[in-house]
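Novice: Attaching a predicted model along with its sequence, questions to come.
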Amino acid sequence: MDTKKKHLFVIQNDLMGGAEQLLKYLSIECVNQGVDVDVIIVREPMKNNWDEIKKIANVKYLNSKSYLVGLLKFFFYQRKNKVNYDIVFSSNININSLLGFMKRLKVLNSDKLIIRETTSVFLRNKGLKKWVQVFKYKIGYKSADLIICQSEVMKDQFLNNLKESHNWNLITLQNPIDLNTVKEKSLAKIDINTVTVREKYIVTAGRLISEKGFDILIDLFNEIKDEIVHNLIILGDGNLFESLKNQIDNYNLGERVKLVGFKDNPFPFFKHADICVVSSRYEGFPNVLLQMSLLNNRVVSTNCAGNIDKIPSIYIAEPNNKESLKIEILKCLNNSIDNDAINRKYEYLSSLTFSNYFSQLNQNLNEI
């Protein structure tokens, strides 16, 4: 009798945001642990970042141009196919809520549903938008067997803002990092059209949205531009591209601040930067911070999420505070490197493997 376990990962799209990266590498770890893995991507192919997984897992696109239509297609696809899964994973509030609702209707045939929260909804939204997000929690999250929070801060936000969450199985798991992949990809060459060989630069990366605080970073860069020789490289796409470009133009910083768009491999930029910066106002937890810390010994981050202060050697600024961030960036550029802190940092990062993450998940599942 075949006793091989079968897991399903449900993903919004094949772009490599933090949540998508985590689920991708977690699916690989499941395969390495002898699990049969299905991956369903509700949107049409965009970047084909899951092509390499097709060799070891069953990857299916629902080929929807619309996210909402894709969710509806997933509902009917699952109802028709009635595949039984030991575990279903997701890490997107809309998909999380839908999966929980489907489980209540017995449309989703899963022994265990594991959902991961990606951001601080109670800080990020207000008014009607916040009400809509809370409604999604109420209709879906109570059916999950495990709800993963990235930090105790995120878990406390649930408990303090949503009384129903006291009846949920909330756990805290620090985000993992694929150390070997990040190191290997960092060895690639940087596009000479983006960064010249001799250029000294500060780098930041993420979606061009308000939460990331790139407007704050550009403001402070304008204030310190005469004190430093560095340029500022911003990696990422998003709906604030034109707004940030106008901000750069208004400061006449076109030669010093570069919006270079999304990069499939940002790691060489992190490795060769003089300093890496996370300027976010708030986050669930910025995975990019772990990647930057692995590749570079000069890293500054705002205290935009829980657990950031656990990473040795990084400089921490107050979120949404230009003066605080400016002070920490200048200190990081000018201070000598603390080798003891660097050693503690690598020891800390080495504990955040996907294997450990997978083991902690199983341990929590066994306790249910």
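Specialist: Thanks, I have the structure now. Treat the numbers as computed from the prediction; the structure is a model and nothing was measured. Numbers count the residues shown, from 1 in each chain.

Novice: In terms of pLDDT, where does L170 sit?
Specialist: Looking at L170, its pLDDT stands at 95.

Novice: Please determine how far it is located from E283.
Specialist: Going from L170 to E283 by CB to CB, to the nearest Å gives 18 Å. C-beta coordinates here come from the backbone N, C-alpha and C atoms, glycine included.

Novice: Just the mean pLDDT for stretch 92-100, thanks.
Specialist: Stretch 92-100 comes out at a mean pLDDT of 95.

Novice: Contacts for that stretch, please.
Specialist: Applying CB atoms under 8 Å, 6 or more residues apart in numbering, the contact partners of stretch 92-100 are 10-12, 19, 42, 67, 71, 74-75, 88, 90, 108, 113, 115-119, 121, 133, 136-137, 139-144.

Novice: Just the ones of those in strands?
Specialist: Among the contacts of stretch 92-100, the members falling in strands (DSSP state E) are V10, I11, V42, V88, S90, L113, I115, R116.

Novice: More neighbours: L170 and E283, which one.
Specialist: It is E283, of L170 and E283, that has more neighbours when counted by other CB atoms under 10 Å, with 30 against 19.

Novice: any idea which element S301 lies in?
Specialist: Using DSSP states H and E, S301 maps to strand 299-302.

Novice: buried residues in that strand?
Specialist: Residues of strand 299-302 classed as buried by neighbour count (16 or more other CB atoms under 10 Å): V299, V300, S301, T302.

Novice: which regions of the stretch 151-300 of the chain lie under the pLDDT threshold?
Specialist: Along the stretch 151-300 of the chain, the model assigns pLDDT under 70 to residues 192, 197-198.

Novice: In the stretch 251-368 of the chain, mark out all the strands, start to finish.
Specialist: Using DSSP state E, counting those that start in this stretch, the strands assigned to the stretch 251-368 of the chain run over residues 257-261, 275-278, 299-302, 315-317.

Novice: Next: the stretch 51-200 of the chain.
Specialist: Going by DSSP E, counting those that start in this stretch, the stretch 51-200 of the chain shows strands at 58-64, 85-90, 110-116, 146-149, 170-172.

Novice: and the strand holding S301, which strands flank it?
Specialist: The sheet places strand 299-302 alongside strand 275-278 (parallel), strand 315-317 (parallel), with pairing taken from DSSP bridges.

Novice: Send me the longest one as CSV with only the CA atoms.
Specialist: Written as CSV, here are the backbone C-alpha positions of strand 275-278 (Å, rounded to 0.1, in the frame of the first residue of the first chain):
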residue,chain,number,x,y,z
ILE,A,275,25.7,49.1,2.5
CYS,A,276,22.3,47.4,2.3
VAL,A,277,19.2,49.1,3.6
VAL,A,278,15.6,48.1,4.5
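
Novice: what's near enough to touch the closest residue to P176 other than its chain neighbours?
Specialist: With sequence-adjacent residues excluded and distances taken as CB to CB, 6 or more residues apart in numbering, P176 is closest to Y357, at 4.1 Å. Neighbour list for Y357: L26, E29, L173, P176 [criterion: CB under 8 Å, 6+ apart].

Novice: Can you give me the distance of the last one to V42?
Specialist: As for P176, its distance to V42 is 24 Å (criterion: CB to CB).

Novice: Over to the first one?
Specialist: Separation of L26 from V42 (CB to CB) stands at 18 Å.

Novice: Ok, the third one next?
Specialist: Using CB to CB, one obtains 24 Å as the distance from L173 to V42.

Novice: Please say which of those two ends up with more neighbours.
Specialist: More crowded of L173 and V42, by other CB under 10 Å: V42, with 27 against 17.

Novice: Which pLDDT value goes with that one?
Specialist: 93.

Novice: what about the residue nearest to it when sequence neighbours are not counted, how many neighbours?
Specialist: Of all residues not flanking V42 in the chain, G70 sits nearest, at 3.4 Å (CB to CB, 6+ apart). When neighbours are counted by other CB under 10 Å, G70 registers 24.

Novice: isn't L208 right next to L240, touching?
Specialist: Yes - the criterion here is CB atoms under 8 Å, and L208 meets it with L240 at 4.3 Å.

Novice: what is in contact with these two at once?
Specialist: F214.

Novice: could you measure the residue nearest to P176 against V277, distance?
Specialist: For Y357, the distance to V277 (CB to CB) stands at 26 Å.

Novice: so can I have JSON lines of the strands of the stretch 51-200 of the chain showing distance to M102?
Specialist: Converted to JSON lines, these look like this (distance: least, CB to CB, whole Å):
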{"stretch": "strand 58-64", "distance to M102": "15"}
{"stretch": "strand 85-90", "distance to M102": "9"}
{"stretch": "strand 110-116", "distance to M102": "9"}
{"stretch": "strand 146-149", "distance to M102": "16"}
{"stretch": "strand 170-172", "distance to M102": "21"}
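
Novice: quick one, helices of the protein?
Specialist: Here the chain has its helices, by DSSP state H, at 18-32, 67-81, 93-104, 121-124, 127-140, 152-161, 179-185, 214-224, 241-250, 267-272, 287-295, 322-334, 339-350, 354-366.

Novice: So which bits of the last one are buried?
Specialist: Counting neighbours by 16+ other CB under 10 Å, one finds that the buried residues in helix 354-366 are F354, Y357, F358, Q360, L361, N364, L365.

Novice: All set, thanks.
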